[in-house]
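Chemist: any chance you can model this:
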Amino acid sequence: MDEYDTALHKEGWSVRFLRPQEHDESLSRLVSSLDDVLGCNVGVNSYWTPPNSQGFAAHYDDVDVFMLQLEGRKVWSLYPPPLATDVLARFSSADYDPKATDGSSDFLKGPPAHTVVLEAGDTLYLPRGWVHQGHTKSGALLTPPKGAAAGSKVRPTHSLHVTVSAYQLLTHVDLIHAVLRDRLERLAAKNVELRHTLPRVALPVRAGEPSPGTAWWWDSLGSTSNPKMMGPFNAVAAVTGAGTAAAATRGDDDKLPSARKRARPVAAAAAPASATAVGSTRSEVLLALRQSLISDVRRWVAQLNDDVQRLEGPIDRGADIVARDIVFKRQPPLPPPAPSTQTSHNNSTLPVDAATATWIRVQSPFHCRASSKTLMDHSGKGCSCTTVA
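Modeler: The predicted model follows:
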């Protein structure tokens with residue numbers, strides 16, 4: 001272990017301990033309590049970083065986090081979500097590179113919105129989408145402890161903290177996903193048409209070709225039907241002629257004004273393309289296939305919308321799916337803790353959970369609420385108070 005410890009310090013490696021609550025009863029009880037209080041599945045990881053080091057590059061997470069500093073200190077630089085789409089992000093970001101030339105990390109060149117020093121016993125809350133990076137280096141920000149000589153520097157120290165995460169993929173979007181997925185599966189169970197394999201069609205024979213080609217559904221629908229969007233895959237759309245077929249009908253709803261989105265008519269169902277496509281050009285065959293597929297999608301989406309608008313049952317079933325997932329992922333219940341006692345300042349005896357007392361010792365030194373004395377530990381030295389006073 002000493003060899004590992006020396007290497008970690010010398011090379012600046014950080015250590016991440018996944019799910020420590022599976023090995024520590026006090027953390028396990030904390031997770032169970034937070035599951036109840038927050039109404040979600042709570043996760044825990046712990047991180048140890050040696051002095052003069054940084055574990056992760058700047059990034060944001062897809063969870064709300066509470067950082068509990070247990071030992072040492074860590075300096076955190078915090079930045080608000082870089083883009084509007086990053087606010088309350090549903091998925092974690094890639095690492096931000098301050099040397100990037102594409103402008104994606106330019107915000108790192110300016111000062112952070114907040115710089116926070118976490119000492120043992122401190123807690124930091126970060127919403128989803130907030131960019132953060134932490135280090136254990138010394139600097140002017142770290143003020144010397146009380147009683148130190150003027151001008152003295154703070155020695156860099158290691159850091160050990162626990163990150164408690166909450167509310168991963170538990171948004172309105174996720175409830176709507178559950179509602180629509182469940183309703184669509186119920187529609188598919190009752191309508192064999194929805195279970196048909198996506199089509200392919202034969203293309204007309206070209207002069208000099210021995211046999212007709214084949215067009216798959218993706219040749220007329222999606223990114224392959226737009227050569228500009230596909231970039232290096234232009235040849236696929238060029239061979240099938242899909243780019244020409246779709247040019248007249250393609251539109252990007254995200255770029256349309258809201259009024260135009262509402263006013264857009266739903267096209268009538270087009271006849272499916274012929275399997276032989278005799279007498280048709282390739283562009284005409286692909287365009288017919290595209291119109292048929294778009295019509296099918298719109299028809300079933302309209303049915304889903306009508307069901308959700310008229311009925312409350314689909315919404316209740318979607319809510320059950322989300323809630324069931326939370327219940328299934330909860331950790332197993334723990335047995336009741338063995339009670340113990342601690343003496344308060346007025347010499348009365350107070351019941352204290354032994355696991356909670358252990359958890360408090362891990363976070364020491366901390367401040368006694370009654371006397372404001374700083375305790376070096378919670379073993380009776382200096383003060384015998386409890387934190388339940």
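
Chemist: helices of this protein, residue ranges please.
Modeler: Counting by DSSP state H, the chain has helices at residues 2-11, 25-38, 172-190, 227-230, 234-240, 242-246, 258-263, 282-310, 313-329, 354-363.

Chemist: what are the buried residues along the third one?
Modeler: Along helix 172-190, the positions that meet the burial threshold by neighbour count (16 or more other Cβ atoms under 10 Å) are 174-175, 178-180, 182-184. C-beta coordinates here come from the backbone N, C-alpha and C atoms, glycine included.

Chemist: ok, the second one next?
Modeler: By neighbour count, with 16+ other Cβ under 10 Å as the criterion, the buried positions of helix 25-38 are 26-32, 34-35.

Chemist: that older thread, closest one of the buried residues of helix 172-190 to residue 222?
Modeler: The shortest gap between residue 222 and any of those belongs to residue 184, at 19.1 Å (Cβ to Cβ).

Chemist: who's in contact with that closest one?
Modeler: Taking Cβ atoms under 8 Å, 6 or more residues apart in numbering, we find residue 184 in contact with 194, 300, 304.

Chemist: what of residue 12?
Modeler: Residue 12 touches 50, 52-54, counting by Cβ under 8 Å, 6+ apart.

Chemist: if we can go back for a sec, columns distance to residue 108 and pLDDT on top of the buried residues of helix 25-38, output as CSV?
Modeler: CSV is the format used below for the buried residues of helix 25-38 (distance: Cβ to Cβ, whole Å; pLDDT from 0 to 100):
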residue, distance to residue 108, pLDDT
26, 37, 88
27, 33, 89
28, 37, 91
29, 39, 90
30, 33, 90
31, 33, 92
32, 38, 90
34, 32, 92
35, 35, 91
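
Chemist: I'd like the residues you listed written out as CSV, with distance to residue 44 added.
Modeler: Output for the buried residues of helix 25-38, formatted as CSV (distance: Cβ to Cβ, whole Å):
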residue, distance to residue 44
26, 11
27, 6
28, 9
29, 12
30, 8
31, 6
32, 11
34, 9
35, 11
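
Chemist: now, among those residues, which is nearest to residue 65?
Modeler: Nearest member of these to residue 65, counting by Cβ to Cβ, is residue 34, at 12.1 Å.

Chemist: wait, what's in contact with the closest one?
Modeler: With Cβ under 8 Å, 6+ apart, residue 34 has these contacts: 42, 164, 166.

Chemist: measure it to residue 28 for me?
Modeler: For residue 34, the distance to residue 28 equals 11 Å [Cβ to Cβ, to the nearest Å].

Chemist: nearest to residue 294 among the buried residues of helix 25-38?
Modeler: Of those, the one sitting nearest to residue 294 (Cβ to Cβ) turns out to be residue 35, at 44.6 Å.

Chemist: closest one to residue 113 out of the buried residues of helix 172-190, please.
Modeler: For the buried residues of helix 172-190, the nearest to residue 113 is residue 174 (28.1 Å; Cβ to Cβ).

Chemist: for the closest one, what are its contacts?
Modeler: Here residue 174 is in contact with residue 322 (Cβ under 8 Å, 6+ apart).

Chemist: pLDDT wise, what is it at?
Modeler: At residue 174, the pLDDT value in this model is 96.

Chemist: parallel or antiparallel, list what pairs with the longest strand anywhere in the chain.
Modeler: In the chain, with assignment by DSSP state E, the single longest strand is strand 64-79. Here strand 64-79 is paired, per DSSP bridges, with strand 114-119 (antiparallel), strand 123-126 (antiparallel), strand 131-135 (antiparallel), strand 159-166 (antiparallel).

Chemist: any chance of these in JSON lines, plus mean neighbour count?
Modeler: Output for these, formatted as JSON lines (neighbours: other Cβ atoms under 10 Å):
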{"stretch": "strand 114-119", "mean neighbour count": "16"}
{"stretch": "strand 123-126", "mean neighbour count": "16"}
{"stretch": "strand 131-135", "mean neighbour count": "21"}
{"stretch": "strand 159-166", "mean neighbour count": "21"}
